[in-house]
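Asker: attaching a predicted model along with its sequence, questions to come.
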Amino acid sequence: MKYPRLVPYIFTVCGVILVFFSFQTLYSVYKERPQSGITEAVEHGAHRNNDKMRACFVVLVRNEELAGITSTIRQVEQRFNSKFNYPYIFLNDADFTPEFIETTTALTKATTRYGKVDGHMWGYPSFINTTYAAECREELAKQQIPYASSESYRHMCRFQSGFFFRHPLLDEFDYYWRIEPDVDYYCDIDYDVFKFMRDNNKKYGFNIAFREFIQTVPSLWQTIMNFKKEYPEVVSHWPSKKDSLVKFVTDDDGQSYNGCHFWTNFEIASLDLWRSNDYLKLFGYLDRAGGFFYERWGDAPVHSIAASLMLRKDEIHFFDDIGYRHTAYTHCPSKPEYAAKCSCNPEKSLDYTDGISCRPVYDNALK
Ligand SMILES: Nc1nc2c(ncn2[C@@H]2O[C@H](COP(=O)(O)OP(=O)(O)OP(=O)(O)O)[C@@H](O)[C@H]2O)c(=O)[nH]1
Ligand SMILES: [Mg+2]
């Protein structure tokens, strides 16, 4: 080497430069870190918005409805879920057949899970008099009410009212979208409906409001009113009449039920609504009153009255943009901006059909 005496100086200069840049980097990291709790909260919020939602489709279905659920899932995938990949949770009171599992798994890239509903969620509770229940079914059948004589329909309604959200396969989720066999979804949905629910603080979403056969729920309203009297500490959490949607379910200031309900064969909602202590207490009270078996209480009036009393009206959302058919009834959005996304006829929409639809009652209750 030509200048061996320079080596220590070169090392010293390099060391100084290295230390200088290290300090600068550390300083810039320090400067860019959130300086207050507020910045941190905003960042956390922004991060949360991009999180995958803990949400799923819930499908209570029988093996023999495979063709019907295949048709529904094809549409759900095409209209929405091929873009978002939310899992499907299939539930059944019997074991799913390998054919059912194979066929439905092949319909989607999303995860599919299959669960059996056990006896305490689907069956007679010990306090039900099954002989009397059979007599009640016979009585109702004389009135030509759909499913009047069906036992399984009653187990289904009780399960959908008080248990599906407690099935272990749903433990990891916060929101659900209920789907059924043989329905149609008519519109492309290009945004994440679950994020919409969370970001807008919505707890319950529907698209058809219908009038119930009142003969199926003669004592439901009075039972709920009795609950309100007996549990003032629960009711004290509920919104005031003015802030709730109570006018959706009663036309005479709470004297009686008007039969209006959200059609629960389509539901997008928060699972916490049903898992809340308030709802669990209410459901337990209704269950013990026996109306799921001695009458034919549907999950639709039960969910609808509960949501209308327990939620503020701004927590309930009408999904106008989700065109839908179940049996003979359709909701098809009429706003021109949806025309290009939907394949249904707004003139066939149930929304303002006299005597059957409760949309006018809903609109009025919102005021
Ligand atoms: N596993 C199982 N699923 C059922 C049973 N009864 C009904 N379901 C499901 O529960 C949901 C509601 O049942 P539906 O028979 O469609 O009741 P509904 O919508 O009031 O009546 P419809 O107007 O005939 O469609 C559907 O997803 C059915 O597949 C049952 O006994 N076992
Ligand atoms: Mg149905």
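Answerer: That came through fine. Ligands and ions are numbered 1, 2, ... in the order given.

Asker: immediately after the helix or strand of the chain with the lowest mean pLDDT, which helix or strand?
Answerer: Within the chain, no helix or strand scores below helix 37-49, which has a mean of 34 by mean pLDDT, DSSP states H and E. Helices and strands here follow DSSP states H and E; after helix 37-49, the next one along the chain is strand 55-60.

Asker: and the helix or strand following that following strand with ligand 2, contact?
Answerer: The helix or strand immediately downstream of strand 55-60 is helix 66-76, counting by DSSP H and E. No. Judged by Cβ under 5 Å from the ion, helix 66-76 stays clear of ligand 2, getting no closer than 9.2 Å. Where you see a C-beta, it was placed from the backbone N, CA and C, and this is true even at glycine.

Asker: so which elements touch helix 66-76?
Answerer: helix 98-105, strand 184-185 (3 or more Cβ pairs under 8 Å, 6 or more residues apart in numbering; DSSP states H and E).

Asker: spell out which parts of the protein neighbour ligand 2.
Answerer: 180, 265.

Asker: can you tell me the closest non-neighbouring residue to the residue nearest the centre of the chain?
Answerer: With distances taken as Cα atoms, centre = their mean, Ala269 lies nearest the centre of the chain, 2.5 Å away. In this structure, Ala269 finds its nearest non-sequential neighbour in Tyr204, 4.6 Å apart by Cβ to Cβ, 6 or more residues apart in numbering.

Asker: what about the one you found, neighbour count?
Answerer: 23 (other Cβ atoms under 10 Å).

Asker: just grab the bridge partners of it for me.
Answerer: Ala269, Ile316 (DSSP bridges).

Asker: OK, contacts around it?
Answerer: Contacts for Tyr204 (Cβ atoms under 8 Å, 6 or more residues apart in numbering) come out as 262, 267, 269-270, 273, 303, 307, 311, 315-317.

Asker: now do Trp297
Answerer: 157-158, 161, 216-217, 220, 286, 291.

Asker: circling back to that earlier point, just the contacts of Tyr204 now: which is nearest ligand 2?
Answerer: For these, the closest approach to ligand 2 (Cβ to the ion) belongs to Glu267, at 12.2 Å.

Asker: apart from its chain neighbours, what residue comes closest to that closest one?
Answerer: Arg178 (4.3 Å).

Asker: how near is the one you found to ligand 1?
Answerer: Arg178 sits 8 Å away from ligand 1, going by Cβ to the nearest ligand atom, to the nearest Å.

Asker: just Glu337 next, same as before
Answerer: For Glu337, the distance to ligand 1 (Cβ to the nearest ligand atom) stands at 30 Å.

Asker: wasn't that residue part of a helix?
Answerer: Yes. Membership of Glu337 in a helix is supported by DSSP: H, G, I helix; E, B strand; the rest coil.

Asker: report how many residues lie close to it.
Answerer: Quick note: Glu337 (other Cβ under 10 Å) scores 8 neighbours.

Asker: ok so, going back, which one of the contacts of Tyr204 is nearest to ligand 1?
Answerer: Glu267 (11.4 Å; Cβ to the nearest ligand atom).

Asker: ok, the closest one - contacts?
Answerer: Residues counted as contacts of Glu267 (Cβ under 8 Å, 6+ apart) are 176-178, 204-206, 303.

Asker: those residues: which two are farthest apart?
Answerer: Trp177 and His303 (14.2 Å; Cβ to Cβ).

Asker: related to what we said a few turns ago, how close does the residue nearest to Ala269 sit to Asp252?
Answerer: Separation of Tyr204 from Asp252 (Cβ to Cβ, to the nearest Å): 24 Å.

Asker: what's the answer for Tyr86, then?
Answerer: For Tyr86 relative to Asp252 (Cβ to Cβ), the value is 41 Å.

Asker: and those two? Which one has more around it.
Answerer: A side-by-side neighbour count of Tyr86 and Asp252, using other Cβ under 10 Å, places Tyr86 first with 24 against 8.

Asker: can you give me the neighbour number for whichever residue of the stretch 201-350 of the chain sits closest to ligand 2?
Answerer: Nearest residue of the stretch 201-350 of the chain to ligand 2: Asn265, at 4.7 Å (Cβ to the ion). Asn265 has 20 neighbouring residues, counting by other Cβ under 10 Å.

Asker: burial count for Asn200?
Answerer: Counted with other Cβ under 10 Å, the neighbours of Asn200 add up to 10.

Asker: what's the answer for the one 3 residues further on, then?
Answerer: The burial count assigned to Lys203 is 21, neighbours taken as other Cβ under 10 Å.

Asker: same question, His261
Answerer: So His261, with other Cβ under 10 Å, has 27 neighbours.

Asker: sec struct for it, please.
Answerer: strand.

Asker: dump the residue contacts of it.
Answerer: Contact analysis of His261 by Cβ under 8 Å, 6+ apart lists 209-212, 249, 298, 300-301, 303-305, 358.

Asker: would you reformat those as TSV and include distance to Glu337 and pLDDT?
Answerer: Converted to TSV, those look like this (distance: Cβ to Cβ, whole Å; pLDDT from 0 to 100):
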residue	distance to Glu337	pLDDT
Ala209	22	98
Phe210	26	95
Arg211	29	92
Glu212	32	88
Val249	31	98
Gly298	34	98
Ala300	29	98
Pro301	33	98
His303	30	98
Ser304	28	98
Ile305	33	98
Cys358	25	97
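
Asker: I am finished for the moment; much appreciated.
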